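# here are the coordinates; sequence isn't available:
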């Protein structure tokens, strides 16, 4: 009998060791997942800043290259092929999706209803809150991506 009791105790000890190992691996995977999630969000923020800047530059170019009265486009597609002049001009290489939501952009409209800027529709809180590029320094301290408004000219920002 003493031999059988020792075997049962040994099995219990092995079982607890396996449970501890599984819990330890689960914790490590959770930590790795959190790191991956944070890195992914930082990548999307970097993409948002770059793509938003591309839209702002394209809108500014469209406006400044207007024949006659300067106007902004009625749709983002007009940035791809500006047909207002004999020689067609491209202000943007392609239409980009919002990297944070993966979908449509919010549009800032001028008084005549034309597009003067874009912004993310995401209500998520950004990780980045400081050290923005000079054109976007006013993003500092903003608490959601939707506040990051990429406008052709600063006076189109909505407070």
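Now that the structure is in, tell me what you want to look at. Computed from a predicted model, the values in this text were never measured in an experiment.

# residue contacts, residue 64?
residue 70 (C-beta atoms under 8 Å, 6 or more residues apart in numbering). (Glycine included, C-beta is placed from N, CA and C.)

# mind running it again at 6 Å?
Shown in contact with residue 64 (C-beta atoms under 6 Å, 6 or more residues apart in numbering): no residues.

# Begin at 38, not 1, for the rest of this chat.
With the count now opening at 38, the last piece we talked about shows up as residue 101.

# okay, it: pLDDT?
Reading off the confidence values, residue 101 has pLDDT 93.

# which regions of the protein sit below the pLDDT cut-off?
Within the chain, the stretches with pLDDT under 70 are 38-50, 64-70, 72-74, 192-196.

# Let me see the ranges of the helices in this structure.
For the chain, the helices defined by DSSP state H occupy 39-101.

# so how far is residue 77 from the residue minimising distance to the centre of the chain?
Central residue of the chain (C-alpha atoms, centre = their mean): residue 137, 3.2 Å from the mean position. Going from residue 137 to residue 77 by C-beta to C-beta, to the nearest Å gives 11 Å.

# And residue 164, how far from residue 139?
For residue 164, the distance to residue 139 - C-beta to C-beta - is 18 Å.

# hmm, back to that, spit out the contact partners of the residue nearest to the centre of the chain.
81, 85, 157, 159, 182.

# Counting neighbours, which bits of stretch 173-190 end up buried?
173, 176, 179, 182-189 (16 or more other C-beta atoms under 10 Å).

# which one of the residues you listed sits closest to residue 52?
When the buried residues of stretch 173-190 are compared for distance to residue 52 (C-beta to C-beta), residue 182 wins out at 47.8 Å.

# now that we're looking at that closest one, which residues does it contact?
137, 157, 159, 161, 163.

# can you list those residues in TSV and add distance to residue 62?
As requested, the contacts of residue 182 are exported to TSV (distance: C-beta to C-beta, whole Å):
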residue	distance to residue 62
137	32
157	36
159	33
161	30
163	32
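
# quick one: the residue nearest to residue 149 when sequence neighbours are not counted and residue 168, what's the gap?
Take residue 149 and drop its neighbours on the chain: the residue closest to it by C-beta to C-beta, 6 or more residues apart in numbering is residue 108, 7.4 Å away. Distance from residue 108 to residue 168, counting by C-beta to C-beta: 35 Å.

# With neighbour numbers in mind, choose between these two.
residue 108 (15 against 7; other C-beta atoms under 10 Å).

# Backbone dihedrals for the more buried one, please?
Residue 108 adopts backbone torsions of phi -140, psi 160, taken as degrees, to the nearest 10.
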